[in-house]
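Q: Predicted model and sequence below, questions to follow.
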Amino acid sequence: MKKLNWLVGLICVLFALFLGNAYAQTIEFTKLIDTTVAIPNGAGYFTKFEAPYLYQGKIVFRGYGVGEQEGVYTNLNGSWTVVADKKTSIPDGTGHFIHFAEPTPYSKTTYHKYQILSFNSPAINNDSVIFIGEGKDHQEGVYLYQQNKLQKIADTHTDIPAGSGNFTHFYSPYLNNGNPAFVGEGHKKQQGMYTFTNNKLTMLYNQTTTIPASNKHFARFWNPDFAGGHVAFWGIDKAKHVGIYDDVTGKLRRIADQKTPIPNGNGNFVMLGAPSLQNSKVTFRGIGRNEQNGVYSNISGELQEIATTNTPIPQGEGNFTGAYNPTIDADNIVFIAKGAKKQAGIYAYYQGNLKKVIAFGDELDGKKVKSIALGAVALSGAQVAFQAVFEDGSEAIYLATLT
């Protein structure tokens, strides 16, 4: 009997190994660029990448090199091209760009504690790149790269539509059906969402906009996601009540707020993260009391959990302890998640099943992964774009193709 038990155990182990190998073959990894690639129009090689923004196989990212080189780079035209770097003259401005990251809106707040706010500059679509650039003497603006030319969309000399004075800061630039869109703010805590259509800048929403299912007005907007002419965003009122809202029918609707019960959880959401939109479907990070944390979506028509602290980690140990940065495309969702014992990685809810894409400690091209990052838009069709840092200090950007 002991011999039979040993044989059965051996068969189970071999079967598990077979399944693991079979699983590994379901995801194909393609390296797009790494730190052995020369910087376009620069000196030497890339030393660091920020997480990429993905659109139908095309990516855009911020990259860095020795000597404080910094720029925005893309494969939009089939080869690696510099969109703008520190040698690029600022359109309708003075001098050259000196920085390309978005300004940090909060230094010490609840929002940073929960890592709610994320940023997506730059962004890309089928023929254009949009980004935020800074210059000397407090120059800052939103710029469009199209047909190898740069154009200013708005800067700190631009009047605020339906507002007072000029813009002072810009966040979250997007391309909405090819039209530039962004969050902008001005003096006296003005803030709103704006779009540039037919060579005219117009206001979409600002602090006069009424919050759905409320008689209050928005105080702040963050992290909009535009898709197919529609938008979803994170909004807050003056009393710091937070919600996720979208407009897919020409009218704002509430997706979730701090009065929304947590699906299969206890109580209501305490905090909500940046949303991702596809058609009329939205996904976002939600946080509740007692360390409840996860990714939620209305892909089925009703709000449901995708991966939470009650969800076992695929090919891992125990349950997730946190989930971040979800992107939705069709009915599929990709996100970063963590677990106990320093487990962390990228996971996908793909064709109705939850699977691991890549995790810390896995190997890619013979190198062990130290950390991974997703951009604001990381999923397009069956492809996931991510930045990987390896234990030897090198970095790369990959596409993972799901099946």
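A: Right, received. Where do you want to start? Residues are numbered from 1 along each chain as shown.

Q: pull the CA atoms of the strand or helix carrying residue 60 into PDB?
A: Take DSSP states H and E as the rule and residue 60 turns out to sit in strand 58-65. Below are the C-alpha coordinates for strand 58-65, written out as PDB (Å, rounded to 0.1, in the frame of the first residue of the first chain):
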ATOM      1  CA  LYS A  58       2.400  50.500 -30.500                       C
ATOM      2  CA  ILE A  59       3.900  51.900 -27.400                       C
ATOM      3  CA  VAL A  60       5.200  55.200 -26.000                       C
ATOM      4  CA  PHE A  61       7.300  55.600 -22.900                       C
ATOM      5  CA  ARG A  62       9.600  58.000 -21.100                       C
ATOM      6  CA  GLY A  63      13.200  56.900 -21.300                       C
ATOM      7  CA  TYR A  64      16.500  58.000 -19.700                       C
ATOM      8  CA  GLY A  65      20.200  57.800 -20.400                       C
END
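
Q: Can you list the strands that the helix or strand following it pairs with?
A: As assigned by DSSP H and E, the chain's next helix or strand after strand 58-65 is strand 69-74. Within its sheet, strand 69-74 is paired with strand 58-65 (antiparallel), strand 81-85 (antiparallel), according to DSSP bridges.

Q: and the first one, what's its mean pLDDT?
A: Here strand 58-65 scores 97 as its mean pLDDT.

Q: cool, stretch 260-269 as well?
A: 97.

Q: Repeat that for stretch 90-101.
A: 96.

Q: now it, how far from the centre of its chain.
A: 24 Å (CA atoms, centre = their mean, to the nearest Å).

Q: That stretch: which residues count as buried?
A: Using 16 or more other CB atoms under 10 Å as the test for burial, stretch 90-101 gives 90, 91, 93, 97, 100. No exception for glycine: its C-beta is placed from N, CA and C like everyone else's.

Q: same check, this time on stretch 140-158
A: Of all the residues in stretch 140-158, those buried under the rule 16+ other CB under 10 Å are 140-146, 150-156, 158.

Q: Stretch 374-382 now?
A: 374, 375, 376, 377, 378, 379, 380, 382.

Q: what's the distance between the nearest residue to the fifth one once chain neighbours are set aside and residue 266?
A: The shortest distance from residue 378 to any residue that is not its chain neighbour, by CB to CB, 6 or more residues apart in numbering, is 4.6 Å, and that residue is residue 327. Separation of residue 327 from residue 266 (CB to CB, to the nearest Å): 27 Å.

Q: In terms of packing, which of the two has more residues around it?
A: residue 327 (25 against 10; other CB atoms under 10 Å).

Q: The helix or strand where the more buried one lies pairs with which strands?
A: Residue 327 is part of strand 320-329 when elements are defined by DSSP H and E. Applying DSSP bridges, strand 320-329 is found paired with strand 332-339 (antiparallel).

Q: just checking, what packs against the helix or strand containing residue 181?
A: Under the criterion DSSP H and E, the helix or strand holding residue 181 is strand 179-186. If you count contacts as 3 or more CB pairs under 8 Å, 6 or more residues apart in numbering; DSSP states H and E, strand 179-186 packs onto strand 128-135, strand 139-146, strand 149-155, strand 167-176, strand 190-197, strand 218-227.

Q: Tell me which of the ones you listed lies nearest to residue 365.
A: Smallest distance to residue 365 across the helices and strands packed on strand 179-186 (CB to CB): 27.5 Å, for strand 128-135.

Q: Show me what the closest one packs onto, helices and strands only.
A: Using 3+ CB pairs under 8 Å, 6+ apart, strand 128-135 sits against strand 69-74, strand 81-85, strand 123-124, strand 139-146, strand 167-176, strand 179-186.

Q: Now stretch 324-340: buried residues?
A: 324-329, 332-339.

Q: hmm, back to that, then the strand holding residue 327 to PDB, C-alphas only?
A: Only the C-alpha atoms of strand 320-329 are listed here, as PDB (Å, rounded to 0.1, in the frame of the first residue of the first chain):
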ATOM      1  CA  PHE A 320      -3.900  38.500  -2.900                       C
ATOM      2  CA  THR A 321      -3.200  41.200  -0.400                       C
ATOM      3  CA  GLY A 322      -3.600  44.100  -2.800                       C
ATOM      4  CA  ALA A 323      -4.300  44.900  -6.500                       C
ATOM      5  CA  TYR A 324      -3.400  48.000  -8.500                       C
ATOM      6  CA  ASN A 325      -3.500  49.700 -11.900                       C
ATOM      7  CA  PRO A 326      -6.200  47.700 -13.800                       C
ATOM      8  CA  THR A 327      -6.700  48.100 -17.600                       C
ATOM      9  CA  ILE A 328      -9.700  46.800 -19.400                       C
ATOM     10  CA  ASP A 329     -10.100  45.800 -23.000                       C
END
